[in-house]
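K.L.:
Take a look and give me a structure for this.
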Amino acid sequence: MTSRPREDAGRVVARPEERLLVLEGDVDMSAVETFDRRGDDLSWVRTIDVSGVSFVDTQGLGLMLRVAAPRGRDAPTERPALLGASPQVRQLLEMLGVESLFELRPSCDGADDHALDGGLGGAGDHATSGVLDHRAAPSEDGVSPTA
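P.N.:
From the prediction side, this is the model:
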């Protein structure tokens, strides 16, 4: 019996020629560990595209912070750009006091402050304990969305 990949399985895509790191889907321990097997030092990354992120846990956040705070003599002095951060991602960065490590920019397609899954935001934001999950956030009336 073969297992099918999860629909929201996360992935981290390196595009060194563009100095871009793309995070998509559920950016969790599994996605980060898969990427880390490559052994990249991440000092080449200048931009992180998070516009396709539906979930990020502490491992995903740790990956973003490794880009923002590289160590070593050749580390860049400018802050990395964070493209397409949803209001929930921004809130998580704010809550943890690390938003100043990034230069927040609209996504590549020009849509800024978008929210996934039907426009979650405001009172419906769901970011606690360093984990962000757009899928389980309640709506403004307090009811969780259904699939």
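
K.L.:
now for whichever helix in the chain runs longest, which elements pack on it?
P.N.:
What stands out as the longest helix in the chain, according to DSSP state H, is helix 58-68. When contacts are defined as 3 or more CB pairs under 8 Å, 6 or more residues apart in numbering; DSSP states H and E, helix 58-68 sits against strand 20-27, helix 29-36, strand 47-56. Every C-beta, even on glycine, is put in place using the N, C-alpha and C of the backbone.

K.L.:
Recalculate using a threshold of 6 Å.
P.N.:
If contacts are counted by 3 or more CB pairs under 6 Å, 6 or more residues apart in numbering; DSSP states H and E, helix 58-68 sits against helix 29-36.

K.L.:
buried ones in the helix it packs on?
P.N.:
Counting neighbours by 16 or more other CB atoms under 10 Å, one finds that the buried residues in helix 29-36 are 31-32, 35.

K.L.:
Residue 12: which of those residues is nearest?
P.N.:
Using CB to CB, residue 35 comes nearest to residue 12 of these, at 3.8 Å.

K.L.:
What lies in contact with the longest helix of the chain?
P.N.:
By CB atoms under 6 Å, 6 or more residues apart in numbering, the residues outside helix 58-68 that reach it are 27, 29, 32, 42, 45, 48, 80, 101-102, 130.

K.L.:
Okay, buried residues for that helix please.
P.N.:
Quick answer for helix 58-68 (16+ other CB under 10 Å): 58-61, 63-68.

K.L.:
Quick check: mean pLDDT of it?
P.N.:
Taken as a whole, helix 58-68 has a mean pLDDT of 95.

K.L.:
Check stretch 12-29 too.
P.N.:
Mean predicted lDDT for stretch 12-29 stands at 96.

K.L.:
could I have that stretch exported to CSV, CA atoms only?
P.N.:
C-alpha atoms of stretch 12-29 as CSV (Å, rounded to 0.1, in the frame of the first residue of the first chain):
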residue,chain,number,x,y,z
VAL,A,12,10.9,24.7,0.4
VAL,A,13,12.3,25.5,-3.0
ALA,A,14,15.7,27.1,-3.4
ARG,A,15,16.3,29.3,-6.4
PRO,A,16,20.0,30.4,-5.9
GLU,A,17,20.1,32.1,-9.3
GLU,A,18,17.4,34.5,-8.1
ARG,A,19,18.6,34.5,-4.5
LEU,A,20,15.1,33.4,-3.6
LEU,A,21,13.8,30.8,-1.1
VAL,A,22,10.1,29.8,-1.8
LEU,A,23,8.0,28.4,1.1
GLU,A,24,4.8,26.7,0.1
GLY,A,25,2.0,24.8,1.8
ASP,A,26,2.5,23.4,5.3
VAL,A,27,6.0,24.5,6.2
ASP,A,28,6.6,22.2,9.1
MET,A,29,9.4,20.0,10.5
